[in-house]
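*Asks:* Using only what follows, build the 3D model:
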Amino acid sequence: MKQTMNTLRILIADDHEVVREGLRAIVENEPAWEVCGTASTGREAVERAKELKPDIAVLDMTMPELSGLEAVRQIKRALPLTELLVFSAHRSEDMVAQVFDAGAKSYICKADAGKHLVAAIRSLAEHKPFFTPEVSEILFAKFLAADGARKNGTAEQKLTTREREIVRLLAEGRSNKETAGLLGISVRTSETHRASLMRKLAVDSLPALVRYAIRNHIIEA
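*Replies:* Predicted coordinates for the structure are as follows:
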């Protein structure tokens with residue numbers, strides 16, 4: 001991990017200024033840590049990361065212009081040595097799994113950020129993952145469920161991380177244009193993904209897609 005004068009350089013991205021400043025205060029209270037930049041949208045987070053090349057990027061899951069999940073993917077592709085920490089108000093198994101699949105090494109529930117942020121950053125500075133007790137329980141429960149499904153021969157066809165993200169956005173009522181903007185893809189590609197998902201999931205309407213998303217904990221009822 002590239003550092004300047006042994007200083008750990010950290011990028012913070014959240015669409016609320018009060019959250020950004022709160023995280024900055026926590027980070028800069030630690031010796032030899034500095035906030036090298038901030039961002040208020042997912043797209044800006046990607047641009048600032050490419051410009052500043054931080055050691056660690058701390059990203060909110062829900063941001064305008066580009067989702068935090070897609071920002072994680074794009075930053076990881078461009079900067080494989082930058083470690084990524086995601087914090088979110090969501091606690092679903094699928095959301096946690098998607099974050100780690102996208103390339104992040106730590107996921108912190110937003111309400112616990114003040115309690116776990118410093119420990120998570122210290123771990124990521126050594127390229128080690130960090131799991132809060134709650135996230136560890138979520139991951140373990142998901143592992144047990146998947147293992148049980150394999151043993152019983154009932155494992156359902158899996159959606160990819162990208163497909164799950166598209167299902168979530170569509171189930172939340174996002175248009176093809178909005179989905180395209182949040183994921184950084186063309187409207188035509190968004191439309192193609194939507195049609196493909198409808199066929200794959202054997203659903204023929206948006207309400208049916210919403211029911212699928214709720215049943216599989218992709219969104220909350």
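
*Asks:* Nearest the middle, which residue of this protein would you pick?
*Replies:* Per CA atoms, centre = their mean, the C-alpha nearest to the average position across the chain is that of Leu69, at 3.4 Å.

*Asks:* Remind me which helix or strand it belongs to.
*Replies:* In this structure, Leu69 sits in helix 68-78 according to DSSP states H and E.

*Asks:* Quick check: which helices or strands does that helix pack against?
*Replies:* helix 42-52, strand 56-60, strand 83-88, helix 93-102, helix 161-171 (3 or more CB pairs under 8 Å, 6 or more residues apart in numbering; DSSP states H and E). For glycine as for every other residue, the C-beta is placed from the backbone atoms N, C-alpha and C.

*Asks:* Can you dump the C-alpha atoms of that helix in CSV for me?
*Replies:* C-alpha atoms of helix 68-78 as CSV (Å, rounded to 0.1, in the frame of the first residue of the first chain):
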residue,chain,number,x,y,z
GLY,A,68,-21.9,2.7,-3.4
LEU,A,69,-21.8,-0.9,-4.6
GLU,A,70,-21.0,0.1,-8.1
ALA,A,71,-18.5,2.6,-6.8
VAL,A,72,-16.7,-0.2,-5.0
ARG,A,73,-16.5,-2.3,-8.2
GLN,A,74,-15.1,0.6,-10.2
ILE,A,75,-12.6,1.7,-7.6
LYS,A,76,-11.4,-1.8,-7.1
ARG,A,77,-10.9,-2.3,-10.8
ALA,A,78,-8.9,0.9,-11.2
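
*Asks:* What residues sit buried inside it?
*Replies:* For helix 68-78, the buried set under the neighbour-count rule, 16 or more other CB atoms under 10 Å, comprises Gly68, Leu69, Glu70, Ala71, Val72, Arg73, Gln74, Ile75, Lys76.

*Asks:* now, which of these sits nearest Ala195?
*Replies:* The nearest member of the buried residues of helix 68-78 to Ala195, counting by CB to CB, is Glu70 at 20.4 Å.

*Asks:* quick one: Leu117 from Leu209, how far?
*Replies:* Distance, Leu117 to Leu209, using CB to CB, to the nearest Å: 35 Å.

*Asks:* Burial check on the residue lying closest to Glu134 once chain neighbours are set aside, number of neighbours?
*Replies:* Using CB to CB, 6 or more residues apart in numbering and skipping residues adjacent in sequence, the residue nearest Glu134 is Cys109, 6.3 Å away. Neighbour count for Cys109, taken as other CB atoms under 10 Å: 18.

*Asks:* Next: the one 10 residues further on.
*Replies:* With neighbours defined by other CB under 10 Å, the count for Ala119 comes to 13.

*Asks:* thinking it is in contact with Phe131, fair?
*Replies:* No - the criterion here is CB atoms under 8 Å, and Ala119 misses it with Phe131 at 10.5 Å.
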